[in-house]
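S.K.: The sequence and its predicted three-dimensional model are supplied below.
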Amino acid sequence: MFRPLLRKLYNAISFLDFPRVENEVEMLYKLLYNIAHDPEQAPNLISKQTREAFSHQWENLKQGKGLLSDAGFKTRVSQILSESELQIRPEWFAGKRVLDAGCGNGRWSYAFSQLGADLTCVDINPVAIEETRQAISGFDNPQHFIVTPLEELGQHLDLQVHFDLVFSWGVLHHAGSFNRSLRELLRLAGPDGIAYLYLYGRESLTYENDVRLFKERLRYNLLETEEERYAFLLRRAKGNHQMVHNLHDQYAPLINRRLEFADVAAFLAAEGFADVKRTLDHSELFIRAMRRHDPDFYARWVLPAPAKPYWFETL
């Protein structure tokens, strides 16, 4: 249903694409871009397309660099999670209640299980949840699984449930409603809770370049067959099949928000998080937020930031 409508829209815009109306065409692309990336709520049709894009990914593109199929990554994943991403000593996680919000096929759930967390895994896609269940089945830590969009997570958890760590890596910038999804997650962090977010940063890509990338996404989604779409991604991966999974995130879902750190920090502060830090010095946003600044916690558990290059820069 989505592709025919997208084709009509794309053809209508492209029909206007000659010098006399070049500015008007650009305005139409920017309008569609802004509608798709509204932080309060993307249109339902675009949200549905983004959900379907990730369903395709977890059903058909299960292997790649930085996933559990990557043996080098898998052997280091708990160290990467604790020491590079969160920068909290690995001993802290044992027995802690952790929410992996948007678990995908379980790479970080595997690390949390290895570290002994009481783990709740959430994803919109039942295939992803089943992959995660299988990935962590060899561990004896408490494990819970929920299939739901993040915006509706509260319907599946008791209002009194709180987590020591709410973790969402590379998910919220694709959500139908960024604001509602983030607010839903943050309320689940306990009185001394921690939230950890990886989000696409505006510093990584200017608005104008992001609009150009959005046009490429439209073209990608108009390709008729799965083979054509895979070939598109493979060309951009320069023939490296192990990078196709990662490039799918860039081109397939139409909702690909880029956030300013100041805006996210203000949102977190408004939701009661007083200690907000970027854990990695990078144009993307790696954010650890705590309800309060606790010097004792820092002295006992917090690690220094790793040196560059970071783990994802050496894949």
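M.R.: Structure received.
S.K.: Helices along the stretch 151-300 of the chain, start to end?
M.R.: With helices called from DSSP state H, counting those that start in this stretch, the stretch 151-300 of the chain shows them at 178-186, 207-222, 226-236, 244-251, 261-270, 295-301.
S.K.: from the ones you listed, which stretch is densest packed?
M.R.: Sort these by mean neighbour count, taking mean count of other CB atoms under 10 Å, and helix 178-186 sits at the top with a mean of 21. In this view, the C-beta of every residue, glycine as well, is placed from N, C-alpha and C.
S.K.: Can I get stretch 46-59 as CSV, trimmed to CA atoms?
M.R.: These are the backbone C-alpha positions of stretch 46-59, laid out as CSV (Å, rounded to 0.1, in the frame of the first residue of the first chain):
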residue,chain,number,x,y,z
ILE,A,46,5.2,6.8,7.5
SER,A,47,5.4,5.2,10.9
LYS,A,48,4.0,2.0,9.4
GLN,A,49,6.6,2.1,6.6
THR,A,50,9.4,2.5,9.2
ARG,A,51,8.0,-0.5,11.2
GLU,A,52,7.9,-2.6,8.1
ALA,A,53,11.4,-1.6,7.2
PHE,A,54,12.7,-2.9,10.5
SER,A,55,10.6,-6.1,10.2
HIS,A,56,12.3,-6.8,6.9
GLN,A,57,15.7,-6.1,8.5
TRP,A,58,15.3,-8.5,11.4
GLU,A,59,13.7,-11.2,9.2
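S.K.: List the buried residues in that stretch.
M.R.: Of all the residues in stretch 46-59, those buried under the rule 16 or more other CB atoms under 10 Å are Ile46, Ser47, Gln49, Thr50, Arg51, Ala53, Phe54, His56, Gln57, Trp58.
S.K.: The second one contacts Ile255, correct?
M.R.: The one in question is Ser47. Yes. Applying CB atoms under 8 Å, one finds Ser47 in contact with Ile255, separated by 6.8 Å.
S.K.: if we can go back for a sec, can you tell which of the helices of the stretch 151-300 of the chain is closest to Phe312?
M.R.: Nearest of the helices of the stretch 151-300 of the chain to Phe312, taken as CB to CB: helix 244-251 at 9.4 Å.
S.K.: Can you give the distance of that closest one from its chain's centre?
M.R.: Offset of helix 244-251 from its chain centre (CA atoms, centre = their mean, to the nearest Å): 12 Å.
S.K.: what do you get for stretch 85-104?
M.R.: 16 Å.
S.K.: if you average pLDDT over that stretch, what comes out?
M.R.: In this model, stretch 85-104 carries a mean pLDDT of 98.
S.K.: in it, what's buried?
M.R.: 85-88, 90, 92-93, 96-104.
S.K.: Quickly check those for the two that are furthest apart.
M.R.: Most distant of those, by CB to CB, are Trp92 and Gly104, 23.3 Å apart.
S.K.: Touching, Leu61 and Leu247? I think so.
M.R.: No. Using CB under 8 Å as the test, Leu61 is too far from Leu247 to be in contact (9.6 Å).
S.K.: ok, which stretches of this structure are strands?
M.R.: Secondary structure of the chain by DSSP state E: the strands cover 97-101, 118-123, 143-147, 163-169, 189-199, 275-278, 285-290.
S.K.: which one of these lies closest to Tyr230?
M.R.: Tyr230 lies closest, by CB to CB, to one member of the strands of the chain: strand 118-123, at 22.8 Å.
S.K.: neighbouring strands for that closest one, and are they parallel or not?
M.R.: Strand pairing for strand 118-123, using DSSP bridges, gives strand 97-101 (parallel), strand 143-147 (parallel).
S.K.: Check the contact between Tyr230 and His241; I expect there is one.
M.R.: No. Checked against CB under 8 Å, the pair Tyr230 and His241 is beyond contact range at 9.2 Å.
S.K.: how near is Gly116 to Val264?
M.R.: Using CB to CB, to the nearest Å, we find Gly116 at a distance of 30 Å from Val264.
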